[in-house]
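Participant: Below are the sequence and a predicted model; questions follow.
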Amino acid sequence: MDSTSTLWSSPVVQTLFDRAPPAPLSPKAVWHEDLTTQINELPVSVNVRAVLHLLNDNFDACHKLTQSQEGNPYSNHLHSIVHRREPDYSNAKHWIPLFSHEHLPEIYS
């Protein structure tokens, strides 16, 4: 089994993807605090951990990780999403021009 299959089948990811109802746009708290340590221990990239923290409504953890990768278009994109969900619209808007990527026109068209 490759690392991607292992990640997708991990209890952490399954818990996050099985969440019902889906996360609100601007939650009031972290969904499952106990997942924070488990996410941090996964042998995955910084951006994958940031996405998992975002799915868990852990904006502080996601923000710290994306800030540590400032300049990376994927991290900048996640940084914008974190601020959009907080909601901190003006800060989210600041990051939008910073995550330009060749595939974004295709994704957002």
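Facilitator: Structure's in. What do you need?
Participant: tell me the helices in this protein, going along the chain?
Facilitator: Using DSSP state H, the helices of the chain run over 3-8, 11-17, 34-41, 46-55, 59-68, 73-85, 89-95, 104-107.
Participant: Please name the residues that touch the residue nearest to Arg84 when sequence neighbours are not counted.
Facilitator: Spatial nearest neighbour of Arg84, excluding adjacent residues (Cβ to Cβ, 6 or more residues apart in numbering): Ala92 at 4.0 Å. C-beta here means a position set from N, CA and C on the backbone, and glycine is covered the same way. By Cβ atoms under 8 Å, 6 or more residues apart in numbering, Ala92 lies in contact with Ser80, Ile81, Val82, His83, Arg84.
Participant: follow-up on the earlier one: mind putting the helices of the chain in JSON lines, mean pLDDT included?
Facilitator: Shown next, in JSON lines, are these (pLDDT from 0 to 100):
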{"stretch": "helix 3-8", "mean pLDDT": "79"}
{"stretch": "helix 11-17", "mean pLDDT": "96"}
{"stretch": "helix 34-41", "mean pLDDT": "96"}
{"stretch": "helix 46-55", "mean pLDDT": "96"}
{"stretch": "helix 59-68", "mean pLDDT": "96"}
{"stretch": "helix 73-85", "mean pLDDT": "91"}
{"stretch": "helix 89-95", "mean pLDDT": "87"}
{"stretch": "helix 104-107", "mean pLDDT": "67"}
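Participant: got CSV for these, with distance to Ala23 too?
Facilitator: Formatted as CSV, the helices of the chain follow (distance: least, Cβ to Cβ, whole Å):
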stretch, distance to Ala23
helix 3-8, 19
helix 11-17, 9
helix 34-41, 13
helix 46-55, 7
helix 59-68, 11
helix 73-85, 8
helix 89-95, 16
helix 104-107, 20
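Participant: for those, which one sits closest to Pro24?
Facilitator: helix 73-85 (8.8 Å; Cβ to Cβ).
Participant: now for that closest one, which elements pack on it?
Facilitator: Counting by 3 or more Cβ pairs under 8 Å, 6 or more residues apart in numbering; DSSP states H and E, the packing neighbours recorded for helix 73-85 are helix 46-55, helix 59-68, helix 89-95.
Participant: Looking at the contacts of Ala92, spot the one nearest Pro73.
Facilitator: Ranked by distance to Pro73 (Cβ to Cβ), the contacts of Ala92 are led by Ser80 at 10.6 Å.
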